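Q: What shape does this take:
(4 chains)
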Protein chains: 4
Amino acid sequence: MSFSLPVYREPDFSAPALCGAPDAVFAAAPCDGVAPEHYHATTIFPEYFKVGGRWLLACESRMDCVAVLEDGEIHTREFRRLRAGDLVAVGRTEDGRDGIYVHADGFAQEDGGSGELFSFRQGRSRETAYSRDYNQIYDLLRHEREHGFVTWVLGPACTFDHDTREAMSKLIDAGYVSGLLAGNALATHDLEAGYLRTALGQDIYTQRSEPNGHYNHIDTLNRVRLHGSIPAFVEAEGIRDGIMCHCVRQRVPFVLVGSVRDDGPLPEVYADVYEGQDAMRAIVSRSTTVICLATTLHAIATGNMTPSYRVLADGTVRPVYFYSVDISEFAVNKLRDRGSLGVKTIVTNVQDFVVNIQRGLGL
Amino acid sequence: MSFSLPVYREPDFSAPALCGAPDAVFAAAPCDGVAPEHYHATTIFPEYFKVGGRWLLACESRMDCVAVLEDGEIHTREFRRLRAGDLVAVGRTEDGRDGIYVHADGFAQEDGGSGELFSFRQGRSRETAYSRDYNQIYDLLRHEREHGFVTWVLGPACTFDHDTREAMSKLIDAGYVSGLLAGNALATHDLEAGYLRTALGQDIYTQRSEPNGHYNHIDTLNRVRLHGSIPAFVEAEGIRDGIMCHCVRQRVPFVLVGSVRDDGPLPEVYADVYEGQDAMRAIVSRSTTVICLATTLHAIATGNMTPSYRVLADGTVRPVYFYSVDISEFAVNKLRDRGSLGVKTIVTNVQDFVVNIQRGLGL
Amino acid sequence: MSFSLPVYREPDFSAPALCGAPDAVFAAAPCDGVAPEHYHATTIFPEYFKVGGRWLLACESRMDCVAVLEDGEIHTREFRRLRAGDLVAVGRTEDGRDGIYVHADGFAQEDGGSGELFSFRQGRSRETAYSRDYNQIYDLLRHEREHGFVTWVLGPACTFDHDTREAMSKLIDAGYVSGLLAGNALATHDLEAGYLRTALGQDIYTQRSEPNGHYNHIDTLNRVRLHGSIPAFVEAEGIRDGIMCHCVRQRVPFVLVGSVRDDGPLPEVYADVYEGQDAMRAIVSRSTTVICLATTLHAIATGNMTPSYRVLADGTVRPVYFYSVDISEFAVNKLRDRGSLGVKTIVTNVQDFVVNIQRGLGL
Amino acid sequence: MSFSLPVYREPDFSAPALCGAPDAVFAAAPCDGVAPEHYHATTIFPEYFKVGGRWLLACESRMDCVAVLEDGEIHTREFRRLRAGDLVAVGRTEDGRDGIYVHADGFAQEDGGSGELFSFRQGRSRETAYSRDYNQIYDLLRHEREHGFVTWVLGPACTFDHDTREAMSKLIDAGYVSGLLAGNALATHDLEAGYLRTALGQDIYTQRSEPNGHYNHIDTLNRVRLHGSIPAFVEAEGIRDGIMCHCVRQRVPFVLVGSVRDDGPLPEVYADVYEGQDAMRAIVSRSTTVICLATTLHAIATGNMTPSYRVLADGTVRPVYFYSVDISEFAVNKLRDRGSLGVKTIVTNVQDFVVNIQRGLGL
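A: As a prediction, this is how the structure comes out:
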C-alpha cells in the first residue's frame, strides 16, 4: 500500500512556441467588478504568463476567473473582486501565442502507481466497478493525513443516519478531516441530532417520527441563536456527538454558507454568499484533497474554485484530488468535465460511502 | 371549461372547543432573532389566534415561523426578523386548547369541480396520468390571468432550449406570468442566449458547441456588469428575445437571489440570501398560483414561504395553488407533504411542460 | 443481538363474522387457463376459505392468483395453470361474508423486538436512516442461516465489481445464500469475470477496457455452450471464483430465467418464461427471506410470487421477509405496497450494500 | 421542411488495403448453437466479406452475431440459431486484413441537411436542448410514412395516461406506426383501459382509484384469454379505443414477448423469449426508423438486433434511425454507444413526448 504523488513536470520553456512567445498583454479593468475586453479566463490547470521575458506561474488558480498582475505576481481573481485599473491578462489562446500557456498535462507523463489514478473516467455510473477507487481513497487519505489537507464538503444527508454520523465523527477525530464546507442545513440537522436525537423530527436510528417532531429543527436553531454560536451551544447544552461537535472539539475549521431555502439561520452562517465564497476559497486554497458528499450546490461551488494543482510552500507543484459522491449520476456528472486530473465520481448512497471509508481505514 | 374557486368555510367558532377556548398566550422574544420558549410555529394553513375573546386570522402566513401580536394583528414572522420584546404566540397545540386554531380543511368540504382538484396526490411519479392535470392548469391559468397573480420559479434548464425559451416568452407576453423568482444562473444563461445564441457555449437550437464557447456566459456576465443592470444591458445590446428580456419589457417583477455557486453575479442578484428571502416573500404574498420548474433550491425556498391560502383585499380567503415540475421524483417529493391543498407535482422534462402549456393555452 | 420471530395469531374464528359466515363458493373454470366469473384473487396474506364449515388456510399463497379446491385443500394457482373444471373460489370480499377471510394482521399485534421490524415504511428514500435496517439484516441473516431459507435475487450489477463479487462469494460459502434467482446476464457476466477478469470487457478491478473486450461476454457464452452447462464450464475451464462458481461448489440451487434482451443464452436459462416462473416459485416456496439486488425485472417477478408468510412443516406460520435494494427510488417503490409485512427497501448502490453485509456479518 | 436521406458511399475497394486483402476464412460450427474458435462478431455497421475475390455485403446485420456463408451470401446469425457445420467467418480485425471490412462511416461524409442529423450526441441529458430533435423527428416521420417503416417499441407507461393513449392512436390511424413491439404489460394495461377505463385500477383520466380496482387488470387478462385472442376480445367486448385496438383495426403487425414478471399472459404473447426475438427481428428487418419509449427491456432487446443501415429492395443502402426516449438518463445511456449513426436519446416523460409528436405532426 505505497502511495506516492505523481511528479510535476514543468513545461519545456525552451520549446520554440514558448521561448519565442511574446510577453502577455495586460489591460486595465474599466471599472470595479468588470474585466477589460478580451480578458483571459483561467482554468483549473497550472497557467503561465510571460512577464518581462519570464514565465510566471499563477500562484493559486481557479476556473473562470481573470489573471491580475500585481507586485510582479499573477493573482487569479473573481470578476466581482476586480478594482478599476487592475491589470488583467488579455488573450484567448492557451499555447503561448499570447504569452499565456496553460499546462494541462503536467502530471500526465507519469505512468504506473498513482500516475494513472485517474485514467478511466468516462461514463462512470452506478455500474462502474468501485473497488479500486475505494482502495485508492484509503491510500490517499492515509497519505494526506500526514502530508496534506483534506476538505470535506457535506450535504445534509450526511447527518440523517446514526452510523454515518458516527463514522464522520471518527474520521474527524482520527485526523482525516482538515476542513469542512457546508450549508445551514447540514449543521442544523447535525446539531438537532446531537440535541434531540432526530433529524427533521425522525429518530436517526429507529426512524420513528416523534410527536411534534417538526419543531425539532427550529427548536435547535432557536436555541443555538440564543447561545450565540455553535461552540457556545455545544458547550452549554452538553452536546456530545456529531459532526459539528467533533469539528468544534478538534478545532477543524468550518465554513457554512447560507442559501435562500434556509431556516434560522445558525449564527456562523454567511448571509452574503459571495463573502461565503471568499471564506470557502480560503479553505480550498490550503486543500490537497476535496471530498464532496451529497450536495450539488456546495459541490459545484467548491468545484468552481478548486484548481487541479497546488503549489506547496517549498515551491513543489502537486495535484489536488477531487471526489464527488452522490446517488445520482446526473449530480456527479455536473462536476465531471474538469480535465485530466479532474473529478473522480462515485455513484452511491453517501451513508454507505462514509461507513466504508471508516471501516476501510480501520477506525 | 368553467373554473371556479372552492369556497372557504370559516371554522365553526360556536363549537365548544373553540368558543370555550382560552385566549392565546404571548411571550416576549428574549433577544433579537430568538423566540421565547414554547413558541408556536406556524403552518401553511389559515391559523386563528384568540385575542381578547376574538379569533384573529393571521393575515399572511408561512410555515415554520412565529406569530407576533402587533397593533392588534397577528403577523407571521421569521425568527431572524424577531426583535427583542416582540410578543410571540406560545403553545404547541392546534385545536383551540391554547387559544390557537389551525384550520386545515377550510376548502375541503367542497365537492365537485375544482374542489376535488387536489384529491389524488399520493405517490405521484413518472407513471401518473397527467392529462387531467394539464387540463386543470390551462383552466386555472386562464382564471388567474384575470383574477390572480401567477409566480413562476425557474431553474436554469428553462432557458437551455430554443422552444422552451420561446414558449416562456409567449406566456409572459400573454399575461400568464405575474412574477418571476430565480437565481443568477437562469438569468445569466437566458441573457447569454439572447446575446450570443448559446447556453453554456452550446447553441440553444443546433446544440453545436461553439469554439471558445465556455467564455460565453462569463462574457455575458461581464457585459451586464459593465452596463450596470439587466434592463440597461437589454437596451444597450439590443437583446430581442428571452425570458429576462420579455420580463423587462412587460414590467414583470423579478427577484434573483444569489447562491454560493454563482459566477458574476448579475447586478440585480441579492448577495444576502436573507434579504433575498424578504424580496421573494414580497412577491409570494401577492401570489395566488405558484409554478416551480426544475429548481430544487428555489422551489423549496418558495415552498417554505407560500401559505395554502391568501386573504384578498375584500377579505375573501382563497386557495393558493402550488405546482412543482421536475424530471426527478426525488426533487418533487421533497416539496410534496404540505397538506390537503398542498403541492401538485408533475414529473417530466420542463422543456415539454412549458411547450405543452403554451400550446394548451393556444399561444 | 437476540432475534426472535414474531408469533402468528390465527384469526378469531369464534367472532360472529367468521363463525356465522357461509361456506365459500367454488365454480368450475370454463376452460384451460381461464377463471370463472367473479373469481376471488389471492393476496400476499394468509387466506382462509370456509369449506364444509371449517376454515382452511391456503397452504402456499401468492398474489393475483386464484384459489382452487382440490383434494380437500386450497391451492393457490396462476391463471395459466388452471384446467377446465378446476374448482375456483368465487367472491370478492375479504371479511368472511363470502366464506373467504384474508388475515392481514396475523403478525401485527406483536410489539417490541422484531415485531416492529417493519413499522416505518412510508416514503423511504436515499435520505432514510438505514443504520438500524443493516443491524436488523445482520440479525435476521444469522437467524435464517440456522432456521430459514434465504433467496437472493440478483441483477447483473452485482458482479461488475471485484469486491462485491468476492463478498457475495463469501456469503455463499458461509451459508447465507440458500437459493439464487437471476437472469442470463448476471450469470454470463459473472462467468466472464471468472474466465477473463472482465465484465463487458472492462477489468472488474482496474476498470481498464481490454482491446477487443466486447468479445469477452460472447466468447464466454460460446464457451459455456460448447461445454454444455455451467458446472461443466466451471470444471473444464478451471474457474475458481465468482457467484456462479461458488453456487455450483456449494450446491446452492439457482434458477436463471431468460429475457428478450439475452445474448447466448447460457444452457441453464429457461427460454419459456412461464416455465421459468414455475421453477422460481419452487424456490420461493421454500424461502423465508428474500433479498433482491439491482434488478427490477426479477425483483418484481419474485415479489409477485412471494407471500408474506410461510407455513412450516410443523404447521407453524412465520413471516417471510422481503428486501429490495436499488439505487433508484422509483425501482424500489414499484415493489413497496405489499401490506404490513411487506417489502423493506434500501436505496443505495448494491456494491456497497453487499460489502456492508459481508463486513457486518464478520466475514 | 425538406428531408433527404444521406447518401451511402461504398468503401473504396480499390484502396490497397482492400484490393490486396485476402479472402475471408470460414470455419465450421463445431455443434449446434456454438461458433468455432476465433469467430468474427458482427456490428451494427455494413460489413463486407471477401469471398472468391469479391466483397459481399451482409444483407441484414445486427451486432454480436456471426456471419455465415450460405448459398453464396452472408447471413448474420445468432449463436443459438447456428447448426453444426455452418460456415462461420473467422477473424477479429475489421480493416480488410482478414478479408472482413466494417464500413463504419458510409454515411458520414455527407454534410448539411440530415447528414449531420446525428453529430452531437455526447452527454445528452435532461438539460440538452431538444427543439431541433423534435423538428427532425417531425420531418423524418413525414418522410417515413411515405417511404419507410416505423417501428414503435412501447413500455407500459405509454398507456397509463388518457392523452398519451389517444395521441398514440392518432399516430397509428395516420400511418405513422408500421409495427409495434412490446411486452405483456403494455398490451394488458392498454386493453384494461379500453375495457374498464383504468390502468392498474386507476382511472386513466381522473386518477381515481376504483374500488377493487386491483382486479381490473387480471379481469381483463382473464377475459381476453376466454375470447382466445386480442382481436376476438376487441370485437366481442366492443373495445373502441387504445393502442392495441387501433393496431388491430389498422392491421399494424405487433409482436408481444413475455417476461418473467407477467401475469396472464395474453394469448398472443410469446412464452419463449428466443422465439419472441425471432419474431421481433422479422419486424426490425423491415424497419427504417425505430422509436423506443419507456422500456429498458424491450429497447435494449430491439437495439441489440437493429443495424445502422438497411438494404432496400433496389439495392440502395440507407440509414436506420433509432430513438430512445425515457425519463432516466441511465436508461437511455444504456443504449447510446452504437456508433456514428447510433441511438438518439431524449430524456423526458414519454407522455409529453407522444403528445408533442402528435401535435407537431398536426394531428
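Q: What count of nearby residues applies to the closest residue in space to A:Arg92 that isn't next to it in sequence?
A: In space, A:Arg92 comes closest to B:Asn212 once its chain neighbours are excluded; the distance is 5.8 Å by CB to CB, 6 or more residues apart in numbering or on different chains. All C-beta spots, glycine's among them, are computed from the backbone N, C-alpha and C. Other residues within reach of B:Asn212, judged by other CB atoms under 10 Å in any protein chain shown, total 12.
Q: any weak-confidence spans in chain A?
A: Across chain A, residues meeting the criterion (pLDDT under 70) sit at A:1, A:108-122, A:336-341.
Q: Relative to its centre, which residue of it is most distant?
A: Within chain A, A:Pro211 marks the point farthest from the mean C-alpha position, 38.2 Å out by CA atoms, centre = their mean.
Q: SS state for that one?
A: coil (DSSP: H, G, I helix; E, B strand; the rest coil).
Q: how close does it sit to chain D?
A: 30 Å (CB to the nearest CB, to the nearest Å).
Q: A:Asp105 now?
A: The gap separating A:Asp105 from chain D is 22 Å, by CB to the nearest CB.
Q: Next, the residue nearest to A:Arg92: phi, psi?
A: With angles defined as degrees, to the nearest 10, B:Asn212 sits at phi 60, psi 30.
Q: That one and A:Gly91 touch, don't they?
A: No. Using CB atoms under 8 Å, B:Asn212 is not in contact with A:Gly91; the gap is 11.5 Å.
Q: so how many other residues sit close to A:His147?
A: If you count neighbours by other CB under 10 Å, A:His147 ends up with 12.
Q: For the residue lying closest to A:Leu82 once chain neighbours are set aside, give me its contacts.
A: Distance criterion CB to CB, 6+ apart; nearest residue to A:Leu82, sequence neighbours excluded, is A:Ala29 at 4.6 Å. Neighbouring residues of A:Ala29 by CB atoms under 8 Å, 6 or more residues apart in numbering or on different chains: A:35-36, A:82-86, A:88.
Q: Any figure for the gap between the closest residue in space to A:Val347 that isn't next to it in sequence and C:Gly213?
A: The shortest distance from A:Val347 to any non-neighbouring residue, by CB to CB, 6+ apart, is to A:Arg126 (4.6 Å). Distance, A:Arg126 to C:Gly213, by CB to CB, to the nearest Å: 20 Å.
Q: now do A:Glu144
A: Counting by CB to CB, the gap from A:Glu144 to C:Gly213 is 34 Å.
Q: do the same with A:Pro211
A: The gap separating A:Pro211 from C:Gly213 is 57 Å, by CB to CB.
Q: now A:Ala41
A: Separation of A:Ala41 from C:Gly213 (CB to CB) stands at 39 Å.
Q: Please state the offset of stretch A:31-51 from the chain centre?
A: A distance of 22 Å separates the centroid of the chain from that of stretch A:31-51, by CA atoms, centre = their mean, to the nearest Å.
Q: Quick check: end-to-end length of that stretch?
A: From its first residue to its last, stretch A:31-51 covers 24 Å (CA to CA, to the nearest Å).
Q: Residues touching the host helix or strand of A:Ala182, excluding its own?
A: Using DSSP states H and E, A:Ala182 sits in strand A:179-183. Residues from elsewhere that reach strand A:179-183 (CB under 8 Å, 6+ apart): A:149-156, A:243, A:247, A:252-259, A:262, A:269, A:280, A:283-284, A:286-287, A:295, A:297-298, A:302, B:260.
Q: Mind checking which of these are buried?
A: Among these, those buried by neighbour count (16 or more other CB atoms under 10 Å in any protein chain shown) are A:149-156, A:243, A:247, A:252, A:254-259, A:262, A:269, A:280, A:283-284, A:287, A:295, A:297-298, A:302, B:260.
Q: Restricted to strands, list those residues.
A: Under the assignment DSSP state E, those contribute A:150-154, A:254-257 to strands.
Q: filter these down to the ones near chain B?
A: A:Val257 (CB under 8 Å from any CB of the partner chain).
Q: Please list the residues of the stretch 51-200 of chain A that sit near chain B.
A: A:64, A:79-80, A:92, A:183.
Q: before we move on, which element is the nearest residue to A:Gly360 once chain neighbours are set aside in?
A: Distance criterion CB to CB, 6+ apart; nearest residue to A:Gly360, sequence neighbours excluded, is A:Tyr138 at 4.6 Å. Element membership for A:Tyr138 (DSSP H and E) is helix A:131-147.
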